[in-house]
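> Let me see the structure of the following:
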Amino acid sequence: MTDYLQRAENVLNKINELAAISDDETCINRTFGTEAFRQGSHTIQTWMQDIGLQTRVDAIGNVRGRLVSANAAAKTWVIASHMDTVVNAGKFDGPMGVIMGLDLIEHMIQVGKPLPFSIELIAFSDEEGVRFHTTYLGSKVVAGSFNNSLLDKKDESGLTLTEVIQTLGGDLNQLPSDALAHEHWLGYFEIHIEQGPVLYERNVPVAVVTAIAGQKRVEISFRGMAGHAGTVPMDMRQDALCAAAEFILDVERFATDNKQNLVATVGKLNVVNSASNVIPGEVTCSLDVRSNDAVTLDTAYQKIHELCASLCARRAINFHWNLIQETESVSCDLATNELLAQSIQESGYEVIRLVSGAGHDGVPISQVAPVAMLFVRCFKGISHNPLEDVELADIAATLNVADTFINHLIEQYQ
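Okay, here's the model as predicted:
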């Protein structure tokens, strides 16, 4: 009989080992293309090699390991999550799914059951989009939807994505061939922390993800007039920071009034040439709007733009609105979800179905394959925060459910 607690301990040990690899000694910070990213990539590839997978790092930096079926005509089932982090991150968001996938495959190898399909485990290189303000770089390459215009994007230091890929040793000409051909896809499965409080409040370890919310990301620049803080009268100022502050509160108020199926966040603010004795002349901020309903998302986006235009006109502030990224909401595959729900029930847990407000690599993958996701309970739903935590018992429960799910898949395709 499988000792799921022992397997969970092995998973947690690897999660801790990877969390110790960071560009910042005071927190977890492993964004795309950095030295810590390179070290983390090497560690993951070594783990894959240790269990006997055929491994490679593709041009965008995805770490990929294959367990090949004896059936020459077999298609591929992908198990994946991401290895990059936000700044000052928790240790479970992304890496937990990669390392659990590693454990699942190692267990299959040990059992020795013939596979009717090949399995590819992928640690996606950039899901968070921190460095270049665009998400899903790794999964877009695998899905064959990578847009070469992204290669010209620059990070805050002025380095282009092209330069970072080349520094990693990636060949730009290889990006198209790194896609898994459409005819080879069988399905996609990802394990991820919930990043929300539902499972924690209901004291249930796992849930089926039914859909992933669509989102729009915007960068907004407010341009007023810099001036001396001691000499310009209050009623004659064009204060860009005050305009940005009012906009932020307008966003919060609008999203709160429409909270049934909408969230909106301003998470980044930059005061250009800031000083305590200078009226801010230019400010940029981010805007992140999400909903799993396309009409709600589009309506909210337009309304928030109108609120911004109105307050800027009233304050004599110019603004520039730049839509950086938009993704449509994605429905997870119904048939695969039913198999996942059956696996949860057979493992002895209540079946809960949740919509993910967070984005995941399943968004671009859904264009080429059926997508299934399993959420795992996390402490108070906290994520993107060092307090992010998952209990050992919940890791064990997840492995139990995932084993059952994979076994059902094997039976289905034999």
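> what are the ranges of the strands in the stretch 301-414 of the chain?
In the stretch 301-414 of the chain, the strands defined using DSSP state E, counting those that start in this stretch lie at 318-327, 330-331, 353-356, 371-376.
> partners of the first one in the sheet?
To tie it back to what came earlier, the one meant is strand 318-327. Using DSSP bridges, strand 318-327 pairs in its sheet with strand 214-223 (antiparallel).
> The third one now?
The strands beside strand 353-356 in its sheet (DSSP bridges) come out as strand 206-212 (parallel).
> any idea of the angle the strand it pairs with forms with strand 371-376?
On the basis of axes from the mean of the first three to the mean of the last three Cα atoms, to 10 degrees, strand 206-212 is oriented at 140 degrees to strand 371-376.
> and strand 206-212, which residues are buried?
Across strand 206-212, burial judged by 16 or more other Cβ atoms under 10 Å covers V206, A207, V208, V209, A211, I212. In this view, the C-beta of every residue, glycine as well, is placed from N, C-alpha and C.
> I344 is in contact with the third one, correct?
Pointing back at V208 there. Yes. Using Cβ atoms under 8 Å, V208 is in contact with I344, at 6.9 Å.
> between these two, what contacts are shared?
Overlap of the contact sets of V208 and I344 (by Cβ atoms under 8 Å, 6 or more residues apart in numbering) consists of V351.
> Now N273: which helix or strand?
For N273, there is no host helix or strand (DSSP states H and E).
> How much space separates it from G281?
Using Cβ to Cβ, to the nearest Å, N273 is found at 7 Å from G281.
> ok, now T231?
From T231 to G281 the distance is 15 Å (Cβ to Cβ).
> and Q45, how many neighbours does it have?
18 (other Cβ atoms under 10 Å).
> Break this protein down into its structural domains.
Per automatic domain parsing, the domain ranges recorded for the chain read 4-212+330-413, 214-327.
> Of these, flag the one that's most buried.
domain 4-212+330-413 (a mean of 19; mean count of other Cβ atoms under 10 Å).
> Distance from the chain centre to that one, please.
On the basis of Cα atoms, centre = their mean, to the nearest Å, domain 4-212+330-413 sits 9 Å off its chain's mean C-alpha point.
> swap in stretch 277-294?
Relative to its chain's centre, stretch 277-294 lies at 21 Å (Cα atoms, centre = their mean).
> in the stretch 251-400 of the chain, which spans are helices?
Secondary structure of the stretch 251-400 of the chain by DSSP state H, counting those that start in this stretch: the helices cover 294-315, 334-346, 362-365, 392-413.
> what's the answer for the stretch 1-150 of the chain, then?
Under DSSP H, counting those that start in this stretch, the stretch 1-150 of the chain gives helices at 4-19, 35-50, 95-111, 137-143.
> Looking at those, spot the one closest to L340.
helix 95-111 (13.6 Å; Cβ to Cβ).
> Who are the packing partners of the closest one?
helix 4-19, helix 35-50, strand 63-67, strand 76-82, strand 118-124, strand 185-193, helix 392-413 (3 or more Cβ pairs under 8 Å, 6 or more residues apart in numbering; DSSP states H and E).
> Nearest to P370 among these would be which one?
strand 185-193 (4.7 Å).
> Show residues contacting the helix or strand following the closest one.
Using DSSP H and E, the helix or strand that directly follows strand 185-193 along the chain is helix 198-202. With contacts defined as Cβ under 8 Å, 6+ apart, helix 198-202 is touched by 194, 205-207, 350, 352, 354, 375-381.
> do the same with stretch 217-236
133, 237-241, 243-244, 247, 273, 276-289, 308, 312, 315-326.
> measure the residue located most distally from the centre of the chain to N277 for me?
Each residue of the chain has a distance to the centre, and by Cα atoms, centre = their mean the biggest one is for T231: 47.3 Å. Using Cβ to Cβ, one gets 10 Å for the distance from T231 to N277.
> repeat for N261
45 Å.
> Now stretch 101-115 - C-alpha only, PDB.
Taking C-alpha atoms only, stretch 101-115 is exported to PDB below (Å, rounded to 0.1, in the frame of the first residue of the first chain):
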ATOM      1  CA  GLY A 101       4.100  15.700 -11.000                       C
ATOM      2  CA  LEU A 102       7.600  14.400 -10.500                       C
ATOM      3  CA  ASP A 103       6.400  12.200  -7.600                       C
ATOM      4  CA  LEU A 104       3.500  10.900  -9.600                       C
ATOM      5  CA  ILE A 105       5.700   9.900 -12.500                       C
ATOM      6  CA  GLU A 106       8.300   8.300 -10.200                       C
ATOM      7  CA  HIS A 107       5.500   6.200  -8.600                       C
ATOM      8  CA  MET A 108       4.300   5.100 -12.100                       C
ATOM      9  CA  ILE A 109       7.800   4.000 -13.000                       C
ATOM     10  CA  GLN A 110       8.200   2.100  -9.800                       C
ATOM     11  CA  VAL A 111       4.800   0.300 -10.300                       C
ATOM     12  CA  GLY A 112       5.800  -0.600 -13.900                       C
ATOM     13  CA  LYS A 113       2.300  -0.400 -15.400                       C
ATOM     14  CA  PRO A 114       2.500  -0.100 -19.200                       C
ATOM     15  CA  LEU A 115       1.500   3.300 -20.400                       C
END
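> what about it, average pLDDT?
The average pLDDT within stretch 101-115 is 95.
> secondary structure element for the residue farthest from the centre of the chain?
Using DSSP H and E, T231 sits within no helix or strand.
> mind listing what A89 touches?
Shown in contact with A89 (Cβ under 8 Å, 6+ apart): C27, I28, N29, R30, H384, N385, P386, E388.
> again, only this time at 10 Å
19, 22, 24, 27-31, 95, 128, 130, 383-386, 388 (Cβ atoms under 10 Å, 6 or more residues apart in numbering).
> Then P197?
Going by Cβ under 10 Å, 6+ apart, P197 touches R377, C378, F379, K380, G381, I382.
> what's the pLDDT at it?
94.
> Quick check: phi and psi on it?
Main-chain torsions, P197, degrees, to the nearest 10: phi -100, psi 0.
> Quick check: it vs V11, distance?
Distance from P197 to V11, by Cβ to Cβ: 23 Å.
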